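Enquirer: Fold the following.
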Amino acid sequence: MQEILAEIIDYLKGIWIKRRYIIISTWLICPIGWYFVSTMPDIYESEARVLTVETNPNTQIRLMVKTLLSRPNLERISRMTDLDVQATNTEQYEAIIARLKNNIKISSAGRENIYTLAIEDQDPEMAKNIVQSALTVFIENTLGETRSDSDSAQKFLNTQLKDYESRLSAA
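Expert: Model prediction:
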């Protein structure tokens with residue numbers, strides 16, 4: 001312990017002796033670093049967490065990726081956030097769709113039924129709007145599937161009910 005303390009004191013003495021060089025180099029290096037940091041663009045990240053019901057997480061994450069990152073859903077997200085208005089030609093529109101597809105990230109949030117939907121953007125409001133739109137698209141698609149399943153189940157039950165009514169009246 002004494003050796004370490006003596007070594008630290010030696011380093012501090014060396015720094016004190018060379019303090020002029022350290023101050024001069026700091027005055028030269030710091031403005032360059034400040035300029036570099038000030039020119040960096042601001043990046044904002046927005047994320048939402050989605051709770052799923054299905055027990056198999058691998059199937060659920062594949063379904064979420066397939067659902068959210070399909071071309072029709074990406075086009076809906078771009079329309080909901082007015083990103084499509086920024087494009088003046090088809091190449092720019094394709095670039096916007098490709099950027100959405102590459103930047104939307106879906107990952108597990110630790111527990112098996114919770115997933116995180118995130119995007120990074122230079123505009124904080126746009127990042128929030130994109131995540132909100134993607135979440136809305138996912139929920140609408142999920143509810144649509146649930147409604148169609150419920151409708152088909154209701155139709156099946158109605159046909160079974162009519163079948164049993166006819167059997168009962170025949171008996």
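
Enquirer: Give me the distance from whichever strand or helix holds Thr116 to the chain's centre.
Expert: Using DSSP states H and E, Thr116 sits within strand 114-121. On the basis of Cα atoms, centre = their mean, to the nearest Å, strand 114-121 sits 2 Å off its chain's mean C-alpha point.

Enquirer: Do me a favour and average the pLDDT over the next helix-or-strand element following it.
Expert: Later in the chain than strand 114-121, the nearest helix or strand by DSSP H and E is helix 124-170. In this model, helix 124-170 has an average pLDDT of 77.

Enquirer: Next: stretch 41-59.
Expert: Across stretch 41-59, pLDDT averages out at 71.

Enquirer: now stretch 87-104
Expert: On average, stretch 87-104 scores 89.

Enquirer: ok so, going back, can you list the strands that the strand holding Thr116 pairs with?
Expert: strand 44-51 (antiparallel), strand 105-108 (antiparallel) (DSSP bridges).

Enquirer: So for Glu165, which of those strands sits nearest?
Expert: strand 44-51 (40.5 Å; Cβ to Cβ). For the C-beta atoms, the positions are set from N, CA and C on the backbone; glycine is no exception.

Enquirer: now the one residue sitting closest to the centre of the chain: how far from Ser46?
Expert: Among the residues of the chain, the one closest to the centroid is Ala118, at 1.4 Å (Cα atoms, centre = their mean). Between Ala118 and Ser46 the computed distance is 7 Å (Cβ to Cβ, to the nearest Å).
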